[in-house]
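Asker: I'll drop the sequence and a predicted model, then ask my questions.
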Amino acid sequence: MSTDFLHESTDLVAKVLHARPLSTYESMAESGAVGINADWENEQAESWYIEAQRQGEEAIISGLINEDQAAIEAGLKMFDWGFAQQSADGGFQGTGDPFHSTSLFVHAVARSLLLIEASSYSQQYADVVEGYKEKLANAAAWMIQPEVWETGISNNQPYTHRRYVVATALGLTSQLTGDSELMDYAPQYLADGLALQQPDGVNPEFGGHDSSYQMVGVVYAAQWVSYFPEEPLTAEVIEMIGKAIAWEQTRILADGEISSEGNTRTSGQEILRNGEVKGINNREIIRGFAYWASVTQDQVLEENAYEVARFYYDDDPSLMPALYPGDDFLSGTNGEDLIFSGDGDDFVRGRQSDDVLNGNAGNDTLKGGKGNDDVNGSIGNDALYGGNDNDTLSGGEGDDFLHGGAGNDLLNGDAGDDTLKGGKGDDLLQAGVGNDALYGGEEDDILNGGEGDDFLHGGAGDDLLNGDEGDDTLKGGKGDDLLQAGVGNDALYGGDGNDTLNGGEGDDFLHGGAGNDLLNGDAGNDTLYGGKGQDILNAGTDGDILYGGEDDDTLNGGEGDDFLHGGAGNDLLNGDAGSDFLDGGKGDDQLQSGIDNDTLFGSNGNDTLGSGEGDDFLNGGAGNDLLNGDAGDDTLYGDKGKDTLNGGVGSDILDGGKNDDTLNGGDGDDFFNGGAGNDLLNGDAGNDTLYGGRGNDLFLAGVGDDILYGGEGIDTLTGGAGADNFVLGDISIYYQTAGAADYALISDFNIAEGDQIQLKGLASDYLLQESVTIGSSQGTGIYLDTNNNGIYESTDELIALVSGSAALNFNYSTTFIFN
């Protein structure tokens with residue numbers, strides 16, 4: 001037995017797709033012509049297509065699986081009709097695309113003959129197989145003729161699955177006939193197909209995705225893997241199939257139907273040759289899942305195959321044992337039934353009306369059908385399906401699978417690690433004890449996780465998700481959802497829509513996703529991420545981390561030492577209680593620290609920072625920022641931009657940073673540093689210390705005994721009320737030596753108030769010159785005696801101009817201080 005036949009003849013495929021060998025050839029004409037070819041033969045159609053004769057492959061495989069020789073003979077008869085149309089050059093000059101049509105026929109014949117050779121019929125049909133080989137080899141040789149090959153490549157360009165058809169057709173023919181030249185061409189098509197796959201696993205069809213042709217390509221590629229496991233590109237083909245099937249799994253709807261949404265070919269765009277609209281090819285999709293499940297021994301893929309098959313073939317009672325394998329098959333009537341299964345692995349079907357189905361011991365499959373059904377799994381790992389209408393499903397003990405189907409359903413997982421799917425309708429899903437997975441499906445659902453570490457996904461609709469106990473993962477999906485984590489360390493994802501996420505107790509992770517979301521961390525050290533949309537994030541009682549994400553968000557730290565980052569957008573950040581760290585991120589943000597010792601960074605944008613109570617640190621970052629210190633001994637740093645700094649109550653430190661800043665000290669003994677730029681320094685009340693830094697600065701020291709350091713540039717120093725100290729030099733330098741471009745203008749020097757001027761060095765280093773006028777200012781000039789001759793000369797350096805003061809004297813010790 002070949003591995004190809006082993007993977008093709010799994011229970012599901014054999015008992016469903018190949019259940020009726022007669023159906024594979026009952027439409028065949030007496031001549032062997034199939035479908036439109038029979039119409040052409042009877043002059044009822046203008047064209048014939050060699051690909052129609054590939055139906056012989058289905059007939060032969062059904063015959064081999066069911067040991068039905070009539071089906072095998074019918075399949076060979078279809079091939080005979082096809083080869084009777086073969087041209088002298090080996091091709092089949094029907095209409096359409098001869099290269100593509102021929103590749104399908106060549107594949108069907110080559111695979112069928114290889115399967116016959118590997119079967120118990122090999123001796124009986126040895127001469128027949130041998131008689132086909134030359135004809136088949138001629139057809140394959142026609143395909144690789146340069147002109148034909150190039151035309152085929154051009155025509156197949158939009159279709160990924162055709163790459164695997166051609167490669168497998170040539171490869172199987174080479175294996176059957178021994179023509180090694182064909183294997184030189186097959187890898188070219190494989191490589192081309194592999195290069196087309198997109199990162200998400202889509203194999204493009206006609207410019208987009210198609211959930212039907214995706215699996216057609218997988219089937220051909222999987223056959224390549226079976227026959228050529230050691231070929232160089234086979235490992236890449238295996239990887240491609242894994243990604244392609246993973247994407248196809250996302251197309252399985254809650255009831256097993258394959259979604260055709262967005263399909264480029266099988267969603268009403270193309271017409272079959274019989275005039276019907278081309279739809280989903282469920283046979284190839286089922287075959288693809290089942291075949292690759294057999295190759296990889298993947299039980300999930302096997303269940304996918306059953307899930308799809310049950311949707312498309314569930315209306316045939318004769319297929320029920322195959323679709324729902326078990327020890328016993330119990331089917332209800334069209335009335336209201338009460339059914340109890342035995343101790344084995346049973347399949348129970350309710351059919352019509354309101355039924356009660358009880359599974360008992362064993363791993364049972366129970367399907368309610370139509371009506372409002374009560375389905376109970378009891379002991380064992382059971383599969384429960386509600387069907388249409390409003391059903392109640394209870395899994396009982398064991399690891400159960402529950403699917404509500406259509407209608408407003410109630411699903412109870414009970415004990416065990418259960419999987420619950422609500423399907424269509426407004427459903428209530430209750431997980432119970434164990435680590436469960438709940439999927440709400442369509443409409444507005446309620447999902448309760450119960451005990452254990454549960455996974456909840458609301459799906460479409462406005463859903464309510466309750467994690468309850470355990471470390472749970474909640475995903476709202478589409479719609480405006482409410483997610484409540486409960487006890488434990490939980491992860492909540494709002495998804496699309498305007499969602500509300502409540503972390504509850506424990507250290508939780510909350511992600512709002514798209515939409516305008518509300519996130520509440522509650523107790524525990526939580527992490528909140530707003531995502532897209534205008535979100536509100538509330539940290540709760542402990543030390544939390546908040547990220548606003550995109551758009552304009554509001555972040556509230558609550559109790560505890562919190563970290564808040566606004567992200568993009570114009571955000572509002574409130575630290576509240578605790579020693580918090582606030583970073584506005586991009587945009588024009590508002591930051592308010594709260595009652596403890598907080599750190600605020602405006603970052604990019606024109607931000608407003610308020611410290612509140614406590615000794616806070618404020619950094620405006622880039623942009624023109626407003627920093628308000630309020631109560632406490634605060635540190636304000638304007639950084640880049642034209643900033644305004646207000647110290648408020650307390651002894652504050654104000655640093656303007658770069659550009660032209662305004663610094664207002666408020667109450668308290670404040671420290672000022674204007675930094676670079678032309679700054680305004682307002683000391684206000686208190687004994688303040690003011691440094692102008694670089695630039696032409698204006699000092700308004702205000703009430704109190706202040707110290708004013710001018711720095712570089714032409715600074716204007718106004719001490720205000722109180723005994724002020726104007727420092728024109730420090731321990732190492734004189735004020736400056738840059739001439740008329742760099743000096744201090746002291747506007748209100750008042751000896752009576754106790755003002756003093758501090759100079760570097762000795763009195764003999766300086767000169768006083770009365771009635772000096774510079775611009776609109778007039779007063780006594782203080783000069784550095786550069787040549788130390790005691791006589792004013794034009795080369796002497798202007799240190800300061802003291803407005804309106806004509807009574808200055810170096811000998812008056814209380815006026816000048818030298819050091």
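Answerer: Received it, and whenever you're ready, just let me know what you need.

Asker: so how many other residues sit close to the closest residue to Arg163 other than its chain neighbours?
Answerer: Once flanking residues are discounted, Arg163 sits nearest to Gly193: 3.2 Å by CB to CB, 6 or more residues apart in numbering. All C-beta spots, glycine's among them, are computed from the backbone N, C-alpha and C. Around Gly193 there are 27 other residues, counting by other CB atoms under 10 Å.

Asker: With Ala84 instead?
Answerer: 12.

Asker: Over to Gly262?
Answerer: The burial count for Gly262: 11, using other CB under 10 Å.

Asker: Just list the residues touching it, thanks.
Answerer: Residues in contact with Gly262 (CB atoms under 8 Å, 6 or more residues apart in numbering) are 208-209.

Asker: In the stretch 201-350 of the chain, where is pLDDT below threshold?
Answerer: 254, 326 (pLDDT under 70).

Asker: hang on, the earlier thing: any idea of the pLDDT on the residue nearest to Arg163?
Answerer: pLDDT for Gly193: 97.

Asker: Next up, the contacts around it.
Answerer: 160, 163-164, 167, 203, 217, 221, 240.

Asker: and the gap between it and Ala167?
Answerer: Using CB to CB, to the nearest Å, Gly193 is found at 7 Å from Ala167.

Asker: Next: Ser651.
Answerer: Taking CB to CB, one finds Ser651 at 81 Å from Ala167.

Asker: Look at the two and report which has more neighbours.
Answerer: Set Ser651 next to Ala167 and count neighbours by other CB under 10 Å: Ala167 wins out with 30 against 18.

Asker: I'd say that one and Asp184 touch.
Answerer: No. Using CB atoms under 8 Å as the test, Ala167 is too far from Asp184 to be in contact (11.7 Å).

Asker: show me the contacts for Asp508.
Answerer: Per CB under 8 Å, 6+ apart, neighbours of Asp508: 485, 489-492, 521-522, 524, 526-527.

Asker: Among these, name the ones in strands.
Answerer: With strands taken from DSSP state E, the overlap with those comprises 491-492, 527.

Asker: Who wins on neighbours among the residues you listed?
Answerer: Leu492 (31 neighbours).

Asker: Tell me the confidence at that one?
Answerer: 96.

Asker: And the one 3 residues further on, by the same measure?
Answerer: According to the prediction, Gly495 has pLDDT 95.

Asker: before we move on, what about Thr795?
Answerer: The predicted local confidence for Thr795 is 89.

Asker: Would you agree it falls within a strand?
Answerer: No. Looking at Thr795 with DSSP: H, G, I helix; E, B strand; the rest coil, it is coil, so not inside a strand.

Asker: Ser771 versus that one, what's the distance?
Answerer: In this structure, Thr795 and Ser771 are 19 Å apart, going by CB to CB.

Asker: Same question for Thr250.
Answerer: 90 Å.

Asker: ok, which pair from the contacts of Gly193 is furthest apart?
Answerer: Greatest spatial distance among the contacts of Gly193 (CB to CB): Ala167 and Asn203, at 13.4 Å.

Asker: which residues touch the residue most central in space within the chain?
Answerer: With distances taken as CA atoms, centre = their mean, Gly513 lies nearest the centre of the chain, 8.9 Å away. By CB under 8 Å, 6+ apart, the contact list for Gly513 reads 476, 493-496, 499, 531-532.

Asker: Generate a PyMOL selection restricted to the buried subset of these.
Answerer: Remark: buried members of these, expressed as a PyMOL selection using 16 or more other CB atoms under 10 Å:
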select buried, resi 476+493+494+495+496+499+531+532
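
Asker: Out of the contacts of Gly513, which comes closest to Gly386?
Answerer: Closest to Gly386 out of the contacts of Gly513 is Gly476 (23.2 Å), distances taken as CB to CB.

Asker: from what I can see that closest one touches Gly458, true?
Answerer: Yes. In this structure Gly476 lies within contact range of Gly458 using CB under 8 Å: 4.8 Å.

Asker: Next, show the common contact partners of those two.
Answerer: 465, 495.

Asker: The helix or strand of the chain at the bottom of the mean pLDDT ranking - contacts with which helices or strands?
Answerer: One helix or strand of the chain scores below all others by mean pLDDT, DSSP states H and E: strand 329-331, with a mean of 74. Packing contacts for strand 329-331, counted by 3 or more CB pairs under 8 Å, 6 or more residues apart in numbering; DSSP states H and E, involve helix 320-323, strand 347-349.

Asker: how about 7 Å then?
Answerer: strand 347-349 (3 or more CB pairs under 7 Å, 6 or more residues apart in numbering; DSSP states H and E).

Asker: I'd like the next helix or strand past the strand it packs on.
Answerer: strand 356-358 (DSSP states H and E).

Asker: Wasn't Ile61 part of a helix?
Answerer: Yes. Assessed with three-state DSSP, Ile61 lies in a helix.

Asker: Surely it touches Glu8?
Answerer: Yes. Assessed by CB atoms under 7 Å, Ile61 is found in contact with Glu8 at 6.3 Å.

Asker: which one of those two has more residues nearby?
Answerer: Ile61 (28 against 25).

Asker: for the more buried one, what are its contacts?
Answerer: Neighbouring residues of Ile61 by CB atoms under 7 Å, 6 or more residues apart in numbering: 8, 18, 115.

Asker: again, 8 Å this time
Answerer: 8, 18, 112, 115.

Asker: now the residues you listed as a markdown table including pLDDT?
Answerer: A markdown table is the format used below for those (pLDDT from 0 to 100):
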| residue | pLDDT |
| --- | --- |
| Glu8 | 96 |
| His18 | 96 |
| Ser112 | 98 |
| Leu115 | 98 |
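
Asker: May I ask which two of the residues you listed are separated the most?
Answerer: His18 and Ser112, at 13.5 Å, using CB to CB across these.

Asker: Which of these two has more residues huddled nearby?
Answerer: Comparing His18 with Ser112 by other CB under 10 Å, the one with more neighbours is Ser112, at 28 against 22.

Asker: Which elements pack onto the helix or strand the more buried one falls within?
Answerer: Using DSSP H and E, the element containing Ser112 is helix 98-117. If contacts are counted by 3+ CB pairs under 8 Å, 6+ apart, helix 98-117 sits against helix 3-8, helix 55-66, helix 69-84, helix 126-143, helix 146-155, helix 161-177, helix 211-227.

Asker: Which among the ones you listed is found nearest to Glu302?
Answerer: The nearest among the helices and strands packed on helix 98-117, by CB to CB, is helix 3-8 at 11.7 Å.

Asker: what sits up against the closest one?
Answerer: By CB under 8 Å, 6+ apart, helix 3-8 touches 61, 64-65, 111, 114-115, 118-119, 222-223, 226-227, 287, 291, 294-295.

Asker: can we see that at 7 Å?
Answerer: Counting by CB under 7 Å, 6+ apart, 61, 115, 118, 223, 226-227, 291, 294-295 sit against helix 3-8.

Asker: go on, stretch 774-790?
Answerer: With CB under 7 Å, 6+ apart, stretch 774-790 has contacts from 734, 737, 740, 745, 765-772, 792, 795-806, 808.

Asker: Now do that stretch, average pLDDT.
Answerer: Stretch 774-790 comes out at a mean pLDDT of 91.
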